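In: Could you work out the structure for the sequence below:
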Amino acid sequence: MKIKKCLKLFFIFFQIGLFTIGGGYAMIPLMREHLVRREKYINEEEFLDIFAISQITPGPIAINMATFIGSKQAGAKGSAFATFGVVLPSFIIILLISFFFANLTKIPLVQRLFIGILTGVVGEIAYITVDLFKKQKYTALFWIILASSLIKLFVIKISPIYVILLGGFIGIIFGKDNSANAS
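Out: Next comes the predicted model:
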């Protein structure tokens, strides 16, 4: 039974990896569609928690999310199958491109294709950002962390890693514990 679940995880994440151009954050809407809405492996709150954890863990966010979700569904084997599934399409495509298309980016048609793809990826990232924004609890602390994060990123121009860590630190110190409300 567990191997069936692992294979299903592999194929779900393989599809996500294969059909999401842009990787990383561009994969998040498709992951949410498959894992929260279609398969109901996790709920919306769990998805947001895994998303947050995946941002602060070393490595690409899509791989981190696949690893966490695979583990939650089928333990270490599920984690391995999901991670391998999300990584394999990119590996195959990059391998083929490196073998057959040494000067691929110098072809005008390909350059125009990349401009269009980049624009689509920006749209996908904007979509997930707005969607996640809608699901937040708008407390004073939320607005303080958001405003200070945007200032640090766009004005002071410090690394996003420090912004995420500082936001987490502020949340630990000043945030309310919601565990009492969960019961």
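
In: Go through the biggest helix by length in the chain and flag the buried ones.
Out: In the chain, with assignment by DSSP state H, the single longest helix is helix 61-100. For helix 61-100, burial by neighbour count (16 or more other C-beta atoms under 10 Å) applies to 61-74, 77-87, 89-90. In short, each C-beta sits where N, CA and C put it, glycine included.

In: and it, what's its mean pLDDT?
Out: Helix 61-100 shows an average pLDDT of 92 in the prediction.

In: And residue 169, how close does it get to residue 62?
Out: Computed with C-beta to C-beta, to the nearest Å, the distance linking residue 169 and residue 62 is 25 Å.

In: just the helices in this protein please.
Out: 2-19, 28-32, 44-56, 61-100, 108-134, 140-150, 160-174, 179-182.

In: what about the third one, average pLDDT?
Out: Per-residue pLDDT over helix 44-56 has a mean of 89.

In: Compute the inter-axis angle for it and helix 61-100.
Out: In this structure, helix 44-56 runs at an angle of 60 degrees to helix 61-100, with axes from the mean of the first three to the mean of the last three C-alpha atoms, to 10 degrees as the basis.

In: gap between helix 44-56 and the chain center?
Out: In terms of C-alpha atoms, centre = their mean, to the nearest Å, the gap separating the centre of helix 44-56 from the centre of its chain is 8 Å.
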